[in-house]
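Novice: Here's my sequence, what's the structure:
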Amino acid sequence: MYANIPPHSASTPREVHLIDPGQADPLDAASICIEGLDLVVTTVHGRDVPPTRARALLARNRTHAGILAITDGHMPGLDVTISSRPVAYGGIEQSRGLIRSITLETTVHGRGIAQRTGRYTLTAPTFGEQGLRWTPVSVDAAATHLSRRLAVAQ
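Specialist: Numbering: from 1, shown residues only. Predicted coordinates for the structure are as follows:
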């Protein structure tokens, strides 16, 4: 396991970046990190976390008053679930070009929160601009935009 520990100062929270937990279960590493860190983000590699394991991990997290974020999987008992999926790409014409924008559909739901869905377009800067732009998109406008499939390797 490789860890990158940035310098700690009074104004920044404690953080450790676990680059690769190796053969260890990412939830085991998260369980250890919960005890001393304010925020722990881990992946479960597309798995569903069993309810008994989720209860134990969430109880430990509540005891230490931290934030536990799980990516790429499902864990029962979470307070909030946020999921996003790409619905459109801009800049590709006739199967050529550069991706200039991506429209994402994001859904948020959780305990005591009604499910809400919104669409936002993330646009790359053009010549002379700096920074990315997030723009809300109405569902009607997104439906008229052609959706393109994109395969990405990680």
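Novice: low-confidence ranges in this structure?
Specialist: For the chain, applying pLDDT under 70 flags the ranges 1-22, 139-154.
Novice: hmm, what's the outermost residue in it?
Specialist: Within the chain, the residue lying farthest from the chain centre (CA atoms, centre = their mean) is Gln94, at 31.1 Å.
Novice: Next up, phi/psi of that residue, please.
Specialist: Comment: the main-chain dihedrals of Gln94 come out as phi 50, psi 50, following degrees, to the nearest 10.
Novice: Equivalent analysis for Ile99, please.
Specialist: Dihedral angles of Ile99 (phi, psi; degrees, to the nearest 10) stand at phi -70, psi 120.
Novice: cool, Leu27 as well?
Specialist: Main-chain torsions, Leu27, degrees, to the nearest 10: phi -70, psi -30.
Novice: excluding its backbone neighbours, what's nearest it?
Specialist: Leu57 (6.3 Å; CB to CB, 6 or more residues apart in numbering). C-beta: built from backbone N, CA, C; applies to glycine.
Novice: and for the helix or strand where that neighbour lies, what are the contacting residues?
Specialist: In this assignment (DSSP states H and E), Leu57 forms part of helix 51-64. Outside of helix 51-64, the residues that reach it under the criterion CB atoms under 8 Å, 6 or more residues apart in numbering are 27, 30-31, 34-36, 40, 49, 67-68, 75-78.
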